[in-house]
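> Please work out how this folds:
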Amino acid sequence: MLIEIGHVEAIFRYPVKSMAGERLEFANLGWHGLEADRRMAFRRINDRSGFPWLTASKLPDLLLFAPRRQDGVQGDLPTHVRTPDGEELPVFGEDLAAEVGRRYGAPVQMMQMNHGVFDEATLSVIALDTVSEIARLAGQSPDVRRFRPNVLVRLLRPVPFQEDEWLGGVLSFGEEDDAPAIAVTMHDVRCSMVNLDPHSASPAPEVLKAVVRANQNNAGIYGTVTRIGRLAVGQTIFLRAATERRKHA
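This is a model prediction of the structure:
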């Protein structure tokens with residue numbers, strides 16, 4: 001049995017990891033997440049760890065860089081990036097790498113990864129009521145961009161942190177048998193990035209403190225794609241709970 005839980009309020013993707021995102025009316029969901037989502041990232045050239053990618057937790061200014069695609073260019077990936085100073089630089093150009101490296105204090109290199117650069121899973125989802133409650137507790141205006149989700153949900157039952165109830169279940173975007181779907185695999189455990197203002201990159205530590213205090217540092221969920229297809233704003237979202245999944249196994 002499918003339970004209707006709400007609808008898609010907004011869709012976001014982030015072509016370059018930790019840079020500004022794009023708000024979309026629709027997007028194709030593939031086996032590796034949304035097309036063009038986090039397919040590019042700056043590699044810290046001198047880093048030999050298993051996660052060499054430069055993120056806003058290490059350089060908050062990355063949030064102020066905005067990927068752009070020139071008119072007439074095929075595909076969804078950006079061709080240029082607008083810097084905080086308003087310059088439009090080629091995404092693979094030396095000037096962009098030099099500007100980011102200067103701000104970071106060490107050399108970086110833009111990389112393109114066919115399957116994306118994700119922290120935990122390929123799709124992240126959060127409810128509008130969760131964002132609003134965290135903002136209320138933190139004394140901030142609600143801004144979903146702090147949480148960098150792929151899908152923002154407007155719930156039928158407006159209860160914050162309701163996403164925790166979806167763990168182990170499946171979310172379907174539409175009720176057709178072939179509707180795109182994700183298995184809800186884990187909590188989205190938050191880090192200091194939620195403190196960063198998307199407009200200024202300045203920190204507000206009270207945001208993460210609010211998440212910790214209200215819901216043990218969890219806000220939203222991660223999912224793994226189980227059916228590919230097209231996501232669209234306004235789509236109805238259904239949940240097949242974990243108990244239902246076991247019956248059909």
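
> from here on, contacts and neighbour counts on C-alpha atoms
OK.

> what's the domain layout of the protein?
3-34+119-248, 40-112 (automatic domain parsing).

> Take those domains and write them to a markdown table, including mean neighbour count.
Below are those laid out as a markdown table (neighbours: other C-alpha atoms under 10 Å):
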| stretch | mean neighbour count |
| --- | --- |
| domain 3-34+119-248 | 19 |
| domain 40-112 | 16 |
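
> Nearest to the middle of this protein, which residue? Look it up for me.
Pro149 (3.3 Å; C-alpha atoms, centre = their mean).

> For the residue nearest to that one when sequence neighbours are not counted, name its beta-bridge partners.
Once flanking residues are discounted, Pro149 sits nearest to Ser124: 5.1 Å by C-alpha to C-alpha, 6 or more residues apart in numbering. Note on Ser124: beta-bridge partners Tyr222, judged by DSSP bridges.

> Read off the pLDDT value for Ser124.
The per-residue pLDDT reported for Ser124 equals 98.

> Can you tell me how far it is from Thr236?
According to C-alpha to C-alpha, to the nearest Å, Ser124 stands 17 Å off from Thr236.

> what do you get for Tyr222?
19 Å.

> Report pLDDT for Ala241.
On the pLDDT scale, Ala241 gets 89.

> How about it, nearest residue that isn't a chain neighbour?
That would be Gly169: by C-alpha to C-alpha, 6+ apart, it lies 4.3 Å from Ala241.

> residues touching the nearest residue to Ser132 once chain neighbours are set aside, list them.
Of all residues not flanking Ser132 in the chain, Pro142 sits nearest, at 5.4 Å (C-alpha to C-alpha, 6+ apart). By C-alpha atoms under 8 Å, 6 or more residues apart in numbering, the contact list for Pro142 reads 131-132, 134-136.

> swap in Val159?
By C-alpha under 8 Å, 6+ apart, the neighbours of Val159 are 129-130.

> Which parts of the chain are helices?
94-104, 128-138, 206-215, 242-248 (DSSP state H).

> Nearest to Glu88 among these would be which one?
Closest to Glu88 of the helices of the chain, according to C-alpha to C-alpha: helix 94-104, at 9.0 Å.

> Return the alpha-carbon coordinates of the closest one using PDB.
Coordinates of each C-alpha in helix 94-104 appear next as PDB, following Å, rounded to 0.1, in the frame of the first residue of the first chain:
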ATOM      1  CA  GLU A  94      43.400  28.100 -15.400                       C
ATOM      2  CA  ASP A  95      42.000  31.400 -14.200                       C
ATOM      3  CA  LEU A  96      39.100  29.800 -12.200                       C
ATOM      4  CA  ALA A  97      41.400  27.200 -10.600                       C
ATOM      5  CA  ALA A  98      43.900  30.000  -9.700                       C
ATOM      6  CA  GLU A  99      41.100  32.100  -8.200                       C
ATOM      7  CA  VAL A 100      39.800  29.200  -6.000                       C
ATOM      8  CA  GLY A 101      43.300  28.100  -5.100                       C
ATOM      9  CA  ARG A 102      44.200  31.600  -4.000                       C
ATOM     10  CA  ARG A 103      41.200  31.800  -1.700                       C
ATOM     11  CA  TYR A 104      41.900  28.300  -0.400                       C
END
